[in-house]
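A.B. asks: Mind looking at a prediction? Sequence and model below.
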Amino acid sequence: MRELTYNEAALEAIAEEMRRDPKIFYMSTDALPPLLKEFGGERVRATPITEAALTGMAIGAAGCGFRPIVDWRQVTFCFVAMDQIVNQAAKIHYMFGGQVSFPILYRAAVGGGGLVAAQHSQSPYSMFMNVAGLKMFLPSTPYDIKGLLKTAIRDNNPVISFESSRLMARKGPVPEEDYTIPFGKADIKREGNDVTVVALAWLVHEALAAAEELAREGISVEVVDPRTLVPLDAETIRSSVQKTGRLVIADEAGPTAGFSAEVAAVIAEDAATFARLKAPVKRVCALQVPIPYSPVLENHVFPDRKRIIDGIREVLRARRSAEAA
Amino acid sequence: MQSLSPNLPPEEQREMLRRMLTIRRFEERASADYLAGKIYGVVHCYIGEEAVAVGVCTALDHGDRIISTHRGHGHCIAKGADLNRMMAELYGRQTGYCKGKGGSMHIADFGIGMLGANGIVAGGIAIVTGAGLAAQMEGKGGVAVSFFGDGASNAGPFHECLNIAATWKLPMLYVCENNMYAAQTAAAATHALSDVAARAAGYGIPGVVVDGNDIFAVYQAANRAVDRARSGAGPTLIECKTYRWRAHTERRGQPDPRDPVEREAWMRRDPIAQLERQLRDQGDLDDAGMESMERDIIAALEAAVAFAEASPFPTPEQATEDAFAA
């Protein structure tokens, strides 16, 4: 199968959908050259740097029958549009009694690794997970981003595509034929029996590397990639943990009220899964600080395969107190 | 002094009066029912400003789109919303425009191009600018109208959207209802310029100040702006100087810091009484016509209240319906 980068796969998804449906148009503070070349300035709009206006305009255009895509580029730029995201886009369908649908795709790059310091290295998806009325995903591979973007563009709701900055140039197999990936369906990226690692985006690859290393010691690690954050595939995560009895959650965001906290809760509140837990849940997350600039500091703040391995060893050592007694 | 009658047939001028009076009677009823505990949450009344919504909407076609504010009943009625479904929404019933999920601040009827009241000051400006972009892309000559207040004219989306609409020549009307107060705070204390319309110059578009209590002045300004928008020349900012008669929200015992002398002066310039007088002077309205108009409006409102009261509340389980579109 041919290989594309994560970024190429994303652009291919958008271009294919724009060819299929003339109601789709694209707004971003800089027009993406390949899209502009193919579709022209009417459908691929370079805009003023007014994310609040763009985010809201997409809602109005969607309510009038269009299917806008707004590229915030980096997630940090969408914070000036929070009223439009939280008060308007997320609520408007429900608040108006479902009379109209609002098919909108918002795109945002997240994560660190670029040594661009606090304002350009953020992973705030759990802030948005907390807002009822938004769907969102964070893919880890070129294959996944293409299939999920196509699903997002065809969905009749506001959807946020969080895209990993670290993975933009990473290559992977992408079939030529049309395909979509349903929301709310996790992907087991590696099967294993001793411990489940639920990881997102770049950390899926770190978790796979960790699993490979531990396999040499006879430790069998299952890596689950939720892919969609809302709706979250709790069922797949629970059944994996029911099988292994141990859970490590790896996230490039900080732990507080984060995606990792949600996954821990999904496990803890389910009696059948809780009963099979052999050890406390371990979270391997960024430190709860703004992301610093210097490589020494940035590397220290973000989790990596080594910390995932440490986390796995910790849950393998740990025992429930009743069993330990 | 009311502007001269525009070139509109008498029946259309009477319809303007009927719509303004409907807004007023609807809100008098909504306020009474709110204070009686039959309507919940919060109700913001538009009474005193009726000429703005009706004057502008009279210049629009059915397919044109508008967006409103937290003070939205007037815009709904001016665009032709159904009184039964409006009242049922205020009553929190299943049959309301939003199935009881929105209430006074969120009534919308996309079928008539009413893209919703909005509980956030300046929250609707970008949304309706997107409707203007949609109209431009549709290429059928449609226009979109943003209603907002003097308070919203200080918020970022106002400036962002005027700039983008001017740059892209979007078929937009930005209609500022300057009622001189953002909630309780005087506009004079929050605006460096006395006219919001003067800001249009900064975006290279026409900015017009009109007497917002003079429905023909509003209509004529809106008509010119609609022509300009339909011709592809871009947006217009229209500032309508007006006044709300009631407090910011309906609430018993809420202090109103505004000067009563100022309020009474504006009430003497009642937009409805002014139009009624003019229609009588023109010979287009007599006592019998006025009485039957009042009677019909009251009957329609009684029917709307009866419809609302007879309608079921939502079931609790319906709280989770419409979370997402299919």
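C.D. replies: Thanks, I have it.
A.B. asks: Every contact and neighbour count from this point should use C-alpha atoms.
C.D. replies: OK.
A.B. asks: Tally up the residues packed near A:Glu176, please.
C.D. replies: By other C-alpha atoms under 10 Å in any protein chain shown, 9 other residues sit near A:Glu176.
A.B. asks: That one: what's its closest spatial neighbour, skipping adjacent residues?
C.D. replies: A:Arg2 (7.8 Å; C-alpha to C-alpha, 6 or more residues apart in numbering or on different chains).
A.B. asks: surely that neighbour meets A:Lys171?
C.D. replies: No: using C-alpha atoms under 8 Å, A:Arg2 is not in contact with A:Lys171, being 9.8 Å away.
A.B. asks: what about residue 178, how many neighbours?
C.D. replies: By default, I'm working from chain A. 11.
A.B. asks: wrong one, chain B
C.D. replies: B:Asn178 - counted by other C-alpha under 10 Å - has 25 other residues nearby.
A.B. asks: What's opposite it in the beta bridge?
C.D. replies: Beta-bridge pairing for B:Asn178 (DSSP bridges): B:Lys241.
A.B. asks: From what I see, it and B:Gly149 are in contact.
C.D. replies: Yes: between B:Asn178 and B:Gly149 a contact is recorded at 5.5 Å, counting by C-alpha under 8 Å.
A.B. asks: Mutual contacts of the two, please.
C.D. replies: Residues touching both B:Asn178 and B:Gly149 (C-alpha atoms under 8 Å, 6 or more residues apart in numbering or on different chains): none.
A.B. asks: Can you give the domain ranges for chain A?
C.D. replies: A:3-173, A:187-317 (automatic domain parsing).
A.B. asks: List, one by one, the residues from the stretch 101-250 of chain B near chain A.
C.D. replies: Residues of the stretch 101-250 of chain B lying close to chain A by C-alpha under 8 Å from any C-alpha of the partner chain are B:101-102, B:106-110, B:116, B:120, B:123-134, B:157, B:160-161, B:164.
A.B. asks: What's the ChimeraX line that selects buried ones from those residues?
C.D. replies: The ChimeraX command for the buried members of these (criterion: 16 or more other C-alpha atoms under 10 Å in any protein chain shown) is given here:
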select /B:101,102,106,107,108,109,110,116,123,124,125,126,127,128,129,130,131,132,133,134,157,160,161,164
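A.B. asks: quick one, what contacts A:Arg107?
C.D. replies: A:Ile69, A:Val70, A:Asp71, A:Trp72, A:Arg73, A:Ile160, A:Ser161, A:Phe162, A:Glu163.
A.B. asks: May I have the phi/psi pair for the most centrally placed residue in chain A?
C.D. replies: Ranked by distance to the mean C-alpha position of chain A (C-alpha atoms, centre = their mean), the top residue is A:Leu138 at 1.6 Å. Phi and psi for A:Leu138, reported as degrees, to the nearest 10, are phi -150, psi 90.
A.B. asks: so it makes contact with A:Ala199?
C.D. replies: No: between A:Leu138 and A:Ala199 there is no contact under C-alpha under 8 Å: 10.5 Å.
A.B. asks: just to revisit the earlier point, dump the domains of chain A into a markdown table; add mean pLDDT as well.
C.D. replies: Shown next, in a markdown table, are the domains of chain A (pLDDT from 0 to 100):
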| stretch | mean pLDDT |
| --- | --- |
| domain A:3-173 | 97 |
| domain A:187-317 | 98 |
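A.B. asks: Now the residue nearest to the centre of chain A: closest residue in space that isn't a chain neighbour?
C.D. replies: Once flanking residues are discounted, A:Leu138 sits nearest to A:Phe162: 4.9 Å by C-alpha to C-alpha, 6+ apart.
A.B. asks: For stretch B:281-289, list every residue counted as buried.
C.D. replies: Neighbour-count burial for stretch B:281-289, with 16+ other C-alpha under 10 Å as criterion, is recorded at B:Asp284, B:Leu285.
A.B. asks: from the chain's centre, how far out does that stretch sit?
C.D. replies: Centre-to-centre, stretch B:281-289 and its host chain are 26 Å apart (C-alpha atoms, centre = their mean, to the nearest Å).
A.B. asks: and what of stretch B:149-169?
C.D. replies: For stretch B:149-169, the distance to the chain centre is 18 Å (C-alpha atoms, centre = their mean).
A.B. asks: Run through the helices of the chain in chain order.
C.D. replies: Answering for chain A, as no chain was given. Applying DSSP state H to chain A gives helices spanning A:6-20, A:33-43, A:51-63, A:82, A:92-95, A:125-129, A:142-154, A:202-215, A:234-244, A:259-268, A:271-276, A:295-301, A:305-317, A:321-324.
A.B. asks: actually it's chain B I care about, not the one you picked
C.D. replies: B:10-35, B:50-58, B:73-79, B:83-90, B:125-138, B:156-168, B:215-230, B:260-267, B:271-282, B:287-310.
A.B. asks: Hmm, B:Lys101 and A:Tyr94 touching each other?
C.D. replies: Yes: using C-alpha under 8 Å, A:Tyr94 is in contact with B:Lys101, at 7.3 Å.
A.B. asks: Apart from its chain neighbours, what residue comes closest to B:Gln220?
C.D. replies: Nearest to B:Gln220 is B:Pro6, by C-alpha to C-alpha, 6+ apart, at 7.3 Å.
A.B. asks: Correct me if wrong: that neighbour contacts B:Asn223.
C.D. replies: No: the pair B:Pro6 and B:Asn223 does not pass the contact test of C-alpha under 8 Å, sitting 10.4 Å apart.
A.B. asks: More neighbours: the two, which one.
C.D. replies: Taking other C-alpha under 10 Å, B:Pro6 and B:Asn223 do not tie; B:Asn223 has more neighbours (18 against 11).
A.B. asks: That one: what's it in contact with?
C.D. replies: B:Asn223 sits next to B:Val56, B:Ala59, B:Leu60 when contact means C-alpha under 8 Å, 6+ apart.
A.B. asks: Could you dump those residues into JSON lines and include pLDDT, distance to chain A and neighbour count?
C.D. replies: Shown next, in JSON lines, are the contacts of B:Asn223 (pLDDT from 0 to 100; distance: C-alpha to the nearest C-alpha, whole Å; neighbours: other C-alpha atoms under 10 Å in any protein chain shown):
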{"residue": "B:Val56", "pLDDT": "98", "distance to chain A": "20", "neighbour count": "29"}
{"residue": "B:Ala59", "pLDDT": "98", "distance to chain A": "21", "neighbour count": "18"}
{"residue": "B:Leu60", "pLDDT": "98", "distance to chain A": "17", "neighbour count": "21"}
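A.B. asks: What parts of chain A come near chain B?
C.D. replies: A:47-48, A:50, A:52-61, A:63-64, A:66, A:83-84, A:87-88, A:93-102, A:132-133, A:156-157.
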